[in-house]
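Participant: Sequence first, predicted coordinates after that:
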Amino acid sequence: MRTRMLTLLALGTLLACADRSNETAVADPTPCTIAGLGICSEAGNLVIASQPSQQVLEYLAAQGYETVVSTRAPDELDWDERAAVEALGMRFVNIPMPGPVEAITDEQVAAFAEVMESGEGRMFLHCGSGNRVAGLWGAWLAEYRGIDSAEALRLAELGGMTRVRPVVEQRLGALAVER
């Protein structure tokens with residue numbers, strides 16, 4: 001009887017540990033196609049992409065997207081993206097990361113975390129090319145989701161991170177030293 005109890009206890013502990021490991025699992029971003037977008041990757045309920053047009057925003061709203069996150073600085077566009085997104089019934093969040101990105105700030109990652117934690121529906125994340133927002137996503141994965149830094153960098157690259165990689169590496173390297 002005692003052996004059976006110990007076996008069940010050990011099995012329960014193993015299952016609990018397995019469940020916790022799945023909490024940090026993130027789907028690999030895979031290329032997607034949305035007419036009018038140059039770059040597009042999908043990971044679960046997220047799309048990481050380049051700048052959408054008004055027509056793409058209309059498509060996203062029709063497909064049930066609830067939140068649009070832009071890391072573009074407000075002066076990068078000659079039209080009011082916030083007004084367009086909100087007119088379509090979606091939430092717009094701007095976390096400016098003016099280019100060239102020399103650092104990703106605690107404030108930017110915290111603002112991104114707030115959006116990610118409050119959003120339950122489909123989200124569209126973008127900047128001009130997908131590079132900045134994918135880098136921010138990678139930083140968030142490591143800092144808030146507990147994903148290993150190398151894995152967070154790999155996922156961010158699959159999501160579209162290119163030129164901002166050294167900045168993300170620097171931030172995540174500093175994070176590893178703090179831990």
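Facilitator: Received the coordinates, thanks.

Participant: Now do the residue positioned nearest the centre of the chain against Gly146, distance only.
Facilitator: In the chain, the C-alpha closest to the average C-alpha coordinate belongs to Trp137, at a distance of 3.5 Å (CA atoms, centre = their mean). Here the criterion is CB to CB, to the nearest Å. By it, Trp137 lies 15 Å from Gly146. (C-beta placed from N, C-alpha, C; glycine too.)

Participant: got a pLDDT number for the residue nearest to the centre of the chain?
Facilitator: Trp137 carries a pLDDT score of 98 in this model.

Participant: And for Met161?
Facilitator: In the predicted model, Met161 carries a pLDDT score of 97.

Participant: what residues are up against it?
Facilitator: Neighbour list for Met161: 130-131, 134-135, 137-138, 153, 168 [criterion: CB atoms under 8 Å, 6 or more residues apart in numbering].

Participant: Now with 10 Å, please.
Facilitator: Applying CB atoms under 10 Å, 6 or more residues apart in numbering, we find Met161 in contact with 29, 48, 129-139, 152-155, 167-168.

Participant: which residue sits closest to His126, ignoring its sequence neighbours?
Facilitator: If you skip the residues right next to it in sequence, His126 has Ala49 as its closest partner in space, 4.9 Å away by CB to CB, 6 or more residues apart in numbering.

Participant: Surely the one you found is in contact with Thr71?
Facilitator: No - using CB atoms under 10 Å, Ala49 is not in contact with Thr71; the gap is 11.5 Å.

Participant: ok, those two, which is more surrounded?
Facilitator: Between Ala49 and Thr71, Thr71 has the larger neighbour count (other CB atoms under 10 Å), namely 30 against 26.

Participant: and that one, what does it touch?
Facilitator: When contacts are counted by CB under 10 Å, 6+ apart, Thr71 is found next to 93-99, 101, 104, 108, 111-112, 125-128, 130-137, 164.

Participant: So among the residues you listed, which ones count as buried?
Facilitator: For these, a neighbour count by 16 or more other CB atoms under 10 Å gives the buried set as 93-95, 97, 99, 101, 104, 108, 111-112, 125-128, 130-137, 164.

Participant: In strands only, show me those.
Facilitator: When these are checked against strands (DSSP state E), the matches are 93-94, 125-126.

Participant: re earlier: surely the residue nearest to the centre of the chain touches Leu155?
Facilitator: Yes - under the criterion of CB under 10 Å, Trp137 lies in contact with Leu155, with a separation of 7.7 Å.

Participant: Please enumerate the shared neighbours of these two.
Facilitator: In terms of CB under 10 Å, 6+ apart, Trp137 and Leu155 are both contacted by the residues 26, 29, 43, 48, 161.

Participant: Shouldn't Glu143 be within a helix?
Facilitator: Yes - counting by DSSP: H, G, I helix; E, B strand; the rest coil, Glu143 falls inside a helix.
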